[in-house]
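A.B. asks: could you look at this predicted model? Sequence included:
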Amino acid sequence: MQLLEKNRTQFVCLFILTTTTIYLSIYPFSALKILSSLPWLALFAYVVVLGLSYQYKQGKVLFTTLLMIAYQAVPLGFPQMLGTSFYTSIVPQLMIAILLYLGFTPERGVSGNVINERVLTSFTAFIGLAVINMLLAKYTSSHVIGLYLVLALGIPALLYLVWMNGTHQDVVFSYIGICMVIMGLMGVPPNNFMLLCFSLALLFIVLKESHNMAYRDQLTGISSRRAMEVQASGLGKRFAVVMCDVDHFKKFNDTYGHDTGDDVLRLVAKKLACVGGGGLTYRYGGEEFCIIFKNKSGQEAFPYIEPLRLTIEHYTLILRDKNRKQHSKEMRGISDVQGQQSACVTMSFGIAETLSGEKFEDVLKRADQRLYDAKEAGRNCVMPVA
Ligand SMILES: Nc1nc2c(ncn2[C@@H]2O[C@H](COP(=O)(O)OP(=O)(O)OP(=O)(O)O)[C@@H](O)[C@H]2O)c(=O)[nH]1
(Lines give C-alpha, C1' and ligand atoms only; values in the text may rest on other atoms or scores of the structure.)
Protein backbone atom coordinates (compact mmCIF):
# COMPACT_ATOMS: atom_id res chain seq x y z
CA MET A 1 0.00 0.00 0.00
CA GLN A 2 2.74 2.40 1.03
CA LEU A 3 4.61 1.37 -2.12
CA LEU A 4 1.74 2.48 -4.36
CA GLU A 5 1.13 5.69 -2.45
CA LYS A 6 4.75 6.77 -2.63
CA ASN A 7 5.41 6.61 -6.33
CA ARG A 8 2.05 5.78 -7.79
CA THR A 9 2.55 7.70 -11.03
CA GLN A 10 5.86 6.00 -11.76
CA PHE A 11 4.39 2.54 -11.22
CA VAL A 12 1.33 3.30 -13.34
CA CYS A 13 3.57 4.63 -16.16
CA LEU A 14 5.81 1.59 -15.86
CA PHE A 15 2.85 -0.77 -16.08
CA ILE A 16 1.28 0.98 -19.07
CA LEU A 17 4.59 1.27 -20.93
CA THR A 18 5.54 -2.35 -20.35
CA THR A 19 2.18 -3.93 -21.21
CA THR A 20 1.63 -1.72 -24.28
CA THR A 21 5.11 -2.36 -25.65
CA ILE A 22 4.89 -6.12 -25.15
CA TYR A 23 1.36 -6.31 -26.58
CA LEU A 24 2.18 -4.21 -29.63
CA SER A 25 5.43 -6.11 -30.19
CA ILE A 26 3.49 -9.36 -30.41
CA TYR A 27 0.33 -8.05 -32.13
CA PRO A 28 1.43 -5.01 -34.14
CA PHE A 29 -1.16 -3.16 -36.20
CA SER A 30 -0.29 -2.39 -39.80
CA ALA A 31 1.44 0.98 -39.22
CA LEU A 32 3.67 -0.62 -36.61
CA LYS A 33 4.56 -3.42 -39.02
CA ILE A 34 6.17 -0.78 -41.22
CA LEU A 35 8.14 0.52 -38.22
CA SER A 36 9.17 -3.02 -37.38
CA SER A 37 10.69 -3.42 -40.82
CA LEU A 38 13.01 -0.45 -40.22
CA PRO A 39 15.82 -1.61 -37.94
CA TRP A 40 17.86 1.49 -38.72
CA LEU A 41 15.27 3.78 -37.19
CA ALA A 42 15.97 2.52 -33.65
CA LEU A 43 19.72 2.52 -34.35
CA PHE A 44 19.47 6.14 -35.48
CA ALA A 45 17.59 7.04 -32.28
CA TYR A 46 20.26 5.25 -30.22
CA VAL A 47 23.02 7.25 -31.92
CA VAL A 48 21.17 10.48 -31.04
CA VAL A 49 20.88 9.33 -27.40
CA LEU A 50 24.56 8.42 -27.42
CA GLY A 51 25.55 11.91 -28.57
CA LEU A 52 23.26 13.68 -26.10
CA SER A 53 24.17 11.51 -23.12
CA TYR A 54 27.86 12.10 -23.86
CA GLN A 55 27.22 15.83 -24.13
CA TYR A 56 25.32 15.92 -20.80
CA LYS A 57 27.74 13.52 -19.04
CA GLN A 58 25.05 10.93 -18.35
CA GLY A 59 27.27 7.87 -18.13
CA LYS A 60 24.55 5.40 -17.13
CA VAL A 61 22.34 6.22 -20.10
CA LEU A 62 25.36 6.25 -22.40
CA PHE A 63 26.45 2.79 -21.25
CA THR A 64 22.91 1.37 -21.48
CA THR A 65 22.64 2.79 -25.00
CA LEU A 66 25.93 1.19 -26.04
CA LEU A 67 24.60 -2.16 -24.82
CA MET A 68 21.31 -1.67 -26.64
CA ILE A 69 23.17 -0.83 -29.85
CA ALA A 70 25.16 -4.06 -29.49
CA TYR A 71 21.92 -5.91 -28.69
CA GLN A 72 20.37 -4.67 -31.90
CA ALA A 73 23.42 -4.66 -34.15
CA VAL A 74 24.59 -8.25 -33.51
CA PRO A 75 21.49 -9.89 -35.10
CA LEU A 76 21.77 -7.49 -38.05
CA GLY A 77 25.15 -9.06 -38.80
CA PHE A 78 24.33 -12.55 -37.52
CA PRO A 79 20.58 -13.19 -38.00
CA GLN A 80 20.98 -16.83 -36.89
CA MET A 81 21.65 -15.54 -33.33
CA LEU A 82 18.06 -14.28 -32.95
CA GLY A 83 16.39 -17.62 -32.31
CA THR A 84 19.01 -18.96 -29.90
CA SER A 85 18.41 -19.33 -26.17
CA PHE A 86 21.56 -17.25 -25.72
CA TYR A 87 19.72 -14.31 -27.15
CA THR A 88 16.37 -14.79 -25.45
CA SER A 89 17.67 -16.00 -22.09
CA ILE A 90 21.24 -15.05 -21.23
CA VAL A 91 21.18 -11.59 -22.81
CA PRO A 92 18.04 -10.43 -20.88
CA GLN A 93 19.58 -11.78 -17.67
CA LEU A 94 22.78 -9.92 -18.37
CA MET A 95 20.82 -6.77 -19.13
CA ILE A 96 18.97 -6.98 -15.80
CA ALA A 97 22.26 -7.53 -13.95
CA ILE A 98 23.81 -4.48 -15.64
CA LEU A 99 20.74 -2.30 -15.13
CA LEU A 100 20.78 -3.20 -11.44
CA TYR A 101 24.48 -2.46 -11.24
CA LEU A 102 23.90 0.94 -12.88
CA GLY A 103 20.81 1.61 -10.78
CA PHE A 104 22.53 1.00 -7.46
CA THR A 105 25.73 2.91 -8.27
CA PRO A 106 26.02 6.70 -8.43
CA GLU A 107 26.28 8.66 -11.69
CA ARG A 108 30.01 9.00 -12.43
CA GLY A 109 30.00 10.65 -15.80
CA VAL A 110 31.44 9.45 -19.10
CA SER A 111 35.18 9.29 -18.54
CA GLY A 112 37.18 6.48 -20.14
CA ASN A 113 37.96 4.95 -16.73
CA VAL A 114 34.31 4.68 -15.79
CA ILE A 115 33.40 3.10 -19.14
CA ASN A 116 36.30 0.64 -18.89
CA GLU A 117 35.24 -0.33 -15.39
CA ARG A 118 31.66 -0.87 -16.53
CA VAL A 119 32.74 -2.92 -19.54
CA LEU A 120 34.88 -5.11 -17.28
CA THR A 121 32.07 -5.58 -14.75
CA SER A 122 29.61 -6.42 -17.53
CA PHE A 123 32.01 -8.90 -19.08
CA THR A 124 32.54 -10.59 -15.69
CA ALA A 125 28.76 -10.72 -15.18
CA PHE A 126 28.38 -12.23 -18.65
CA ILE A 127 30.91 -15.01 -17.96
CA GLY A 128 29.31 -15.67 -14.56
CA LEU A 129 25.81 -15.84 -16.00
CA ALA A 130 26.90 -18.07 -18.90
CA VAL A 131 28.47 -20.56 -16.46
CA ILE A 132 25.46 -20.47 -14.10
CA ASN A 133 23.07 -20.99 -17.02
CA MET A 134 25.12 -23.89 -18.35
CA LEU A 135 25.00 -25.57 -14.94
CA LEU A 136 21.29 -24.85 -14.52
CA ALA A 137 20.55 -26.21 -18.00
CA LYS A 138 22.57 -29.32 -17.23
CA TYR A 139 20.82 -30.13 -13.95
CA THR A 140 17.30 -28.93 -14.78
CA SER A 141 17.31 -29.44 -18.57
CA SER A 142 15.66 -26.03 -18.93
CA HIS A 143 17.15 -23.12 -20.88
CA VAL A 144 15.01 -20.48 -19.23
CA ILE A 145 15.42 -21.34 -15.55
CA GLY A 146 17.87 -18.42 -15.21
CA LEU A 147 15.19 -16.11 -16.58
CA TYR A 148 12.74 -17.29 -13.91
CA LEU A 149 15.36 -16.56 -11.28
CA VAL A 150 15.83 -13.07 -12.69
CA LEU A 151 12.05 -12.62 -12.78
CA ALA A 152 11.87 -13.57 -9.10
CA LEU A 153 14.89 -11.59 -7.89
CA GLY A 154 16.10 -9.07 -10.48
CA ILE A 155 12.77 -7.48 -11.40
CA PRO A 156 11.74 -6.90 -7.75
CA ALA A 157 15.16 -5.30 -7.20
CA LEU A 158 14.55 -2.94 -10.16
CA LEU A 159 11.08 -2.12 -8.80
CA TYR A 160 12.65 -1.44 -5.42
CA LEU A 161 14.81 1.20 -7.13
CA VAL A 162 11.70 2.84 -8.60
CA TRP A 163 10.12 2.79 -5.15
CA MET A 164 13.23 4.18 -3.43
CA ASN A 165 14.23 6.88 -5.90
CA GLY A 166 11.31 7.17 -8.29
CA THR A 167 13.47 8.84 -10.95
CA HIS A 168 12.62 8.70 -14.64
CA GLN A 169 15.83 6.79 -15.16
CA ASP A 170 14.81 4.02 -12.76
CA VAL A 171 11.41 3.75 -14.42
CA VAL A 172 12.98 3.44 -17.88
CA PHE A 173 15.61 0.93 -16.69
CA SER A 174 12.85 -1.19 -15.12
CA TYR A 175 10.76 -0.89 -18.27
CA ILE A 176 13.60 -2.15 -20.46
CA GLY A 177 14.46 -4.97 -18.04
CA ILE A 178 10.88 -6.21 -17.57
CA CYS A 179 10.14 -6.16 -21.31
CA MET A 180 13.31 -8.10 -22.11
CA VAL A 181 12.66 -10.75 -19.47
CA ILE A 182 8.98 -11.24 -20.38
CA MET A 183 9.77 -11.46 -24.10
CA GLY A 184 12.59 -13.89 -23.26
CA LEU A 185 10.22 -16.07 -21.24
CA MET A 186 7.82 -16.09 -24.18
CA GLY A 187 10.71 -17.11 -26.43
CA VAL A 188 10.14 -14.07 -28.64
CA PRO A 189 13.34 -12.45 -29.94
CA PRO A 190 13.61 -8.64 -29.69
CA ASN A 191 11.90 -6.90 -32.58
CA ASN A 192 12.54 -3.51 -34.11
CA PHE A 193 9.41 -1.97 -32.65
CA MET A 194 10.45 -2.84 -29.10
CA LEU A 195 14.00 -1.63 -29.67
CA LEU A 196 12.62 1.62 -31.08
CA CYS A 197 10.50 2.02 -27.92
CA PHE A 198 13.59 1.44 -25.76
CA SER A 199 15.59 4.01 -27.69
CA LEU A 200 12.80 6.59 -27.36
CA ALA A 201 12.55 5.88 -23.62
CA LEU A 202 16.30 6.47 -23.27
CA LEU A 203 15.99 9.62 -25.38
CA PHE A 204 13.26 10.80 -23.02
CA ILE A 205 15.57 10.43 -19.98
CA VAL A 206 18.37 12.40 -21.65
CA LEU A 207 16.03 15.19 -22.70
CA LYS A 208 14.35 15.26 -19.28
CA GLU A 209 17.72 15.42 -17.55
CA SER A 210 18.96 18.22 -19.80
CA HIS A 211 15.71 20.10 -19.13
CA ASN A 212 16.28 19.64 -15.39
CA MET A 213 19.83 20.92 -15.73
CA ALA A 214 18.50 24.08 -17.32
CA TYR A 215 15.42 24.70 -15.19
CA ARG A 216 15.92 22.92 -11.86
CA ASP A 217 18.03 24.07 -8.97
CA GLN A 218 20.60 21.35 -8.31
CA LEU A 219 20.71 21.74 -4.52
CA THR A 220 17.02 21.95 -3.66
CA GLY A 221 15.40 20.25 -6.66
CA ILE A 222 12.84 23.04 -7.10
CA SER A 223 12.61 25.32 -10.17
CA SER A 224 15.56 27.61 -10.75
CA ARG A 225 15.81 31.32 -11.38
CA ARG A 226 16.03 30.64 -15.11
CA ALA A 227 12.67 28.82 -14.96
CA MET A 228 11.27 31.83 -13.12
CA GLU A 229 12.44 34.15 -15.88
CA VAL A 230 10.74 31.96 -18.50
CA GLN A 231 7.55 31.89 -16.43
CA ALA A 232 7.72 35.67 -15.94
CA SER A 233 7.32 36.29 -19.66
CA GLY A 234 3.86 34.67 -19.67
CA LEU A 235 2.36 36.10 -16.49
CA GLY A 236 -0.09 38.55 -18.01
CA LYS A 237 -1.21 41.75 -16.31
CA ARG A 238 -2.22 40.57 -12.84
CA PHE A 239 0.12 38.73 -10.53
CA ALA A 240 1.77 38.89 -7.12
CA VAL A 241 5.42 38.24 -6.32
CA VAL A 242 6.75 37.14 -2.93
CA MET A 243 10.44 37.35 -2.11
CA CYS A 244 11.62 35.40 0.92
CA ASP A 245 14.91 34.82 2.66
CA VAL A 246 16.18 32.67 5.54
CA ASP A 247 16.95 34.80 8.59
CA HIS A 248 20.53 34.98 9.87
CA PHE A 249 21.57 32.28 7.46
CA LYS A 250 25.20 33.36 7.49
CA LYS A 251 25.27 32.73 11.24
CA PHE A 252 23.57 29.38 10.72
CA ASN A 253 26.30 28.40 8.27
CA ASP A 254 29.03 29.69 10.58
CA THR A 255 27.56 27.83 13.55
CA TYR A 256 26.62 24.49 12.02
CA GLY A 257 28.66 24.34 8.85
CA HIS A 258 27.84 24.71 5.17
CA ASP A 259 26.47 21.15 4.80
CA THR A 260 23.85 21.70 7.47
CA GLY A 261 23.11 25.03 5.79
CA ASP A 262 22.47 23.13 2.57
CA ASP A 263 20.10 20.78 4.43
CA VAL A 264 18.20 23.81 5.68
CA LEU A 265 17.88 25.18 2.16
CA ARG A 266 16.54 21.82 0.94
CA LEU A 267 14.04 21.66 3.76
CA VAL A 268 12.88 25.24 3.35
CA ALA A 269 12.54 24.76 -0.42
CA LYS A 270 10.38 21.68 0.15
CA LYS A 271 8.08 23.60 2.49
CA LEU A 272 7.88 26.63 0.18
CA ALA A 273 7.14 24.42 -2.84
CA CYS A 274 3.99 23.22 -1.02
CA VAL A 275 2.52 26.73 -1.07
CA GLY A 276 -1.20 26.76 -1.86
CA GLY A 277 -3.23 29.07 -4.08
CA GLY A 278 -1.45 28.09 -7.28
CA GLY A 279 1.79 29.75 -6.16
CA LEU A 280 4.95 28.65 -7.99
CA THR A 281 8.18 28.55 -5.99
CA TYR A 282 11.67 29.22 -7.37
CA ARG A 283 15.10 29.39 -5.84
CA TYR A 284 16.17 32.89 -6.67
CA GLY A 285 19.75 32.45 -5.51
CA GLY A 286 21.65 31.75 -2.27
CA GLU A 287 19.14 31.62 0.57
CA GLU A 288 16.54 33.68 -1.32
CA PHE A 289 13.38 32.22 -2.83
CA CYS A 290 10.64 33.71 -4.95
CA ILE A 291 6.96 32.70 -5.15
CA ILE A 292 4.77 33.86 -8.03
CA PHE A 293 0.98 33.96 -7.90
CA LYS A 294 -0.57 34.35 -11.33
CA ASN A 295 -3.93 36.14 -11.44
CA LYS A 296 -3.76 37.08 -7.76
CA SER A 297 -3.35 40.35 -5.93
CA GLY A 298 -0.90 40.71 -3.04
CA GLN A 299 -3.84 40.65 -0.62
CA GLU A 300 -5.10 37.38 -2.13
CA ALA A 301 -1.62 35.85 -1.90
CA PHE A 302 -1.07 36.84 1.76
CA PRO A 303 -3.21 34.02 3.32
CA TYR A 304 -1.02 31.44 1.58
CA ILE A 305 2.25 32.96 2.84
CA GLU A 306 1.60 33.39 6.55
CA PRO A 307 0.97 29.61 7.05
CA LEU A 308 4.28 28.93 5.27
CA ARG A 309 6.12 31.24 7.64
CA LEU A 310 4.50 29.50 10.63
CA THR A 311 5.26 26.01 9.28
CA ILE A 312 8.94 26.90 8.87
CA GLU A 313 9.10 28.63 12.25
CA HIS A 314 7.64 25.60 14.05
CA TYR A 315 9.67 22.99 12.22
CA THR A 316 12.42 21.52 14.39
CA LEU A 317 15.50 20.61 12.44
CA ILE A 318 17.43 17.63 13.82
CA LEU A 319 21.10 18.34 13.23
CA ARG A 320 23.41 15.78 11.69
CA ASP A 321 26.57 17.26 13.11
CA LYS A 322 26.66 16.97 16.88
CA ASN A 323 30.05 18.67 17.09
CA ARG A 324 28.60 22.04 16.29
CA LYS A 325 30.60 25.09 17.01
CA GLN A 326 29.60 27.38 19.84
CA HIS A 327 26.36 28.95 18.72
CA SER A 328 25.74 32.61 18.37
CA LYS A 329 23.33 34.33 20.71
CA GLU A 330 21.45 35.62 17.72
CA MET A 331 20.50 32.07 16.65
CA ARG A 332 17.16 31.15 18.10
CA GLY A 333 15.46 27.96 19.32
CA ILE A 334 18.46 25.69 19.81
CA SER A 335 17.57 22.76 22.04
CA ASP A 336 17.96 19.04 22.62
CA VAL A 337 15.30 16.70 21.23
CA GLN A 338 15.72 13.24 22.79
CA GLY A 339 19.43 13.74 23.11
CA GLN A 340 19.88 15.04 19.53
CA GLN A 341 20.92 18.57 18.67
CA SER A 342 18.13 20.50 17.05
CA ALA A 343 17.58 24.01 15.75
CA CYS A 344 14.87 26.14 14.20
CA VAL A 345 15.05 28.62 11.36
CA THR A 346 12.76 31.45 10.45
CA MET A 347 12.11 33.30 7.21
CA SER A 348 11.09 36.81 6.25
CA PHE A 349 8.74 37.54 3.35
CA GLY A 350 7.95 40.60 1.23
CA ILE A 351 4.94 40.80 -1.09
CA ALA A 352 4.35 43.05 -4.11
CA GLU A 353 1.73 43.09 -6.85
CA THR A 354 1.42 44.50 -10.35
CA LEU A 355 0.47 48.09 -10.91
CA SER A 356 -0.92 48.87 -14.35
CA GLY A 357 1.46 48.06 -17.21
CA GLU A 358 4.34 47.14 -14.92
CA LYS A 359 7.11 44.73 -15.90
CA PHE A 360 7.90 41.62 -13.84
CA GLU A 361 11.32 42.99 -12.87
CA ASP A 362 9.75 46.09 -11.31
CA VAL A 363 7.34 44.03 -9.20
CA LEU A 364 10.24 41.78 -8.18
CA LYS A 365 12.23 44.83 -7.05
CA ARG A 366 9.35 46.05 -4.90
CA ALA A 367 8.90 42.58 -3.38
CA ASP A 368 12.61 42.65 -2.57
CA GLN A 369 12.17 46.07 -0.95
CA ARG A 370 9.32 44.67 1.17
CA LEU A 371 11.57 41.78 2.15
CA TYR A 372 14.15 44.32 3.28
CA ASP A 373 11.38 46.05 5.29
CA ALA A 374 10.55 42.69 6.92
CA LYS A 375 14.19 42.31 7.94
CA GLU A 376 14.20 45.84 9.34
CA ALA A 377 11.02 45.10 11.29
CA GLY A 378 12.79 42.32 13.19
CA ARG A 379 12.57 39.36 10.73
CA ASN A 380 10.31 36.28 10.88
CA CYS A 381 7.32 38.18 9.46
CA VAL A 382 5.41 38.75 6.22
CA MET A 383 5.32 42.30 4.86
CA PRO A 384 2.14 42.76 2.81
CA VAL A 385 1.91 45.02 -0.25
CA ALA A 386 3.00 48.57 0.67
N1 LIG B 1 24.98 26.48 2.90
C2 LIG B 1 24.78 27.35 1.94
N3 LIG B 1 24.92 28.67 2.18
C4 LIG B 1 24.68 29.54 1.19
C5 LIG B 1 24.29 29.13 -0.09
N6 LIG B 1 24.12 30.23 -0.85
C7 LIG B 1 24.39 31.30 -0.07
N8 LIG B 1 24.72 30.89 1.18
C9 LIG B 1 25.10 31.69 2.34
O10 LIG B 1 24.01 32.48 2.75
C11 LIG B 1 24.53 33.56 3.52
C12 LIG B 1 23.72 34.80 3.27
O13 LIG B 1 24.07 35.72 4.22
P14 LIG B 1 23.53 37.22 4.25
O15 LIG B 1 23.15 37.67 2.88
O16 LIG B 1 24.53 38.04 4.99
O17 LIG B 1 22.19 37.18 5.05
P18 LIG B 1 21.78 36.49 6.41
O19 LIG B 1 22.93 36.02 7.22
O20 LIG B 1 20.74 35.47 6.07
O21 LIG B 1 21.12 37.66 7.20
P22 LIG B 1 19.72 38.31 6.96
O23 LIG B 1 19.29 38.02 5.56
O24 LIG B 1 19.95 39.78 7.17
O25 LIG B 1 18.79 37.73 7.98
C26 LIG B 1 26.01 33.71 3.15
O27 LIG B 1 26.80 33.34 4.25
C28 LIG B 1 26.19 32.69 2.02
O29 LIG B 1 27.45 32.06 2.10
C30 LIG B 1 24.17 27.73 -0.34
O31 LIG B 1 23.83 27.26 -1.44
N32 LIG B 1 24.41 26.88 0.70
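C.D. replies: Looks like it arrived, so ask away. Numbering: from 1, shown residues only.
A.B. asks: go through the strand or helix carrying residue 23 and flag the buried ones.
C.D. replies: For residue 23, the host element (DSSP states H and E) is helix 8-26. Neighbour counts over helix 8-26 (16 or more other Cβ atoms under 10 Å) mark 10-11, 13-14, 17-18, 21-22, 24-25 as buried. (C-beta placed from N, C-alpha, C; glycine too.)
A.B. asks: how far away is the residue nearest the centre of the chain from residue 58?
C.D. replies: In the chain, the centroid-proximal residue (Cα atoms, centre = their mean) is residue 167; its distance is 4.0 Å. Separation of residue 167 from residue 58 (Cβ to Cβ, to the nearest Å) stands at 12 Å.
A.B. asks: and the residue of the stretch 251-386 of the chain closest to the ligand?
C.D. replies: As assessed by Cβ to the nearest ligand atom, the ligand sits closest to residue 261 within the stretch 251-386 of the chain, at 2.7 Å.
A.B. asks: check what pLDDT the spatially closest residue to that residue that is not a sequence neighbour gets.
C.D. replies: Excluding its sequence neighbours, the residue lying closest to residue 261 (Cβ to Cβ, 6 or more residues apart in numbering) is residue 253, at 4.1 Å. Note for residue 253: predicted pLDDT of 91.
A.B. asks: is it true that residue 253 lies in a strand?
C.D. replies: No: according to DSSP: H, G, I helix; E, B strand; the rest coil, residue 253 belongs to no strand; its state is helix.
A.B. asks: so it makes contact with residue 259?
C.D. replies: No: using Cβ atoms under 8 Å, residue 253 is not in contact with residue 259; the gap is 9.4 Å.
A.B. asks: neighbour count winner among these two?
C.D. replies: Applying other Cβ atoms under 10 Å to residue 253 and residue 259 shows that residue 253 carries more neighbours, namely 17 against 11.
A.B. asks: which residues does the helix holding residue 23 contact?
C.D. replies: With contacts defined as Cβ atoms under 8 Å, 6 or more residues apart in numbering, helix 8-26 is touched by 3-4, 32, 159, 162, 166, 170-171, 174-175, 178-179, 182-183, 186, 188, 191, 193-194, 197, 201.
A.B. asks: give me the buried positions along stretch 293-313.
C.D. replies: 293, 296, 298, 301-302, 304-305, 308-309, 312.
A.B. asks: which other residues reach that stretch?
C.D. replies: With contacts defined as Cβ under 8 Å, 6+ apart, stretch 293-313 is touched by 235-236, 238-242, 268, 271-272, 274-280, 291, 344-347, 349, 351-353, 380-382, 384-385.
A.B. asks: strands - which of those land there?
C.D. replies: Among these, DSSP state E puts 239-242, 280, 291, 347, 349, 351-353, 382 in strands.
A.B. asks: residue 71: which of the residues you listed is nearest?
C.D. replies: Closest approach to residue 71 among the ones in strands among the contacts of stretch 293-313 (Cβ to Cβ): residue 280, at 41.9 Å.
A.B. asks: and that closest one, what are its bridge partners?
C.D. replies: residue 292 (DSSP bridges).
A.B. asks: now do the contacts for residue 183.
C.D. replies: 22, 25, 88, 92, 189-190, 194.
A.B. asks: go on, residue 162?
C.D. replies: Counted by Cβ under 8 Å, 6+ apart, residue 162 has contacts 7, 10-11, 14, 170-171, 174.
A.B. asks: residue 289 too?
C.D. replies: Residue 289 makes contact with 243-245, 268-269, 272, 281-283 under the criterion Cβ under 8 Å, 6+ apart.
A.B. asks: so after the strand or helix carrying residue 302, what's the next helix or strand?
C.D. replies: Using DSSP H and E, residue 302 falls within helix 298-314. Where DSSP H and E defines the elements, the next helix or strand beyond helix 298-314 is strand 317-318.
A.B. asks: alright, that wraps it up for me.
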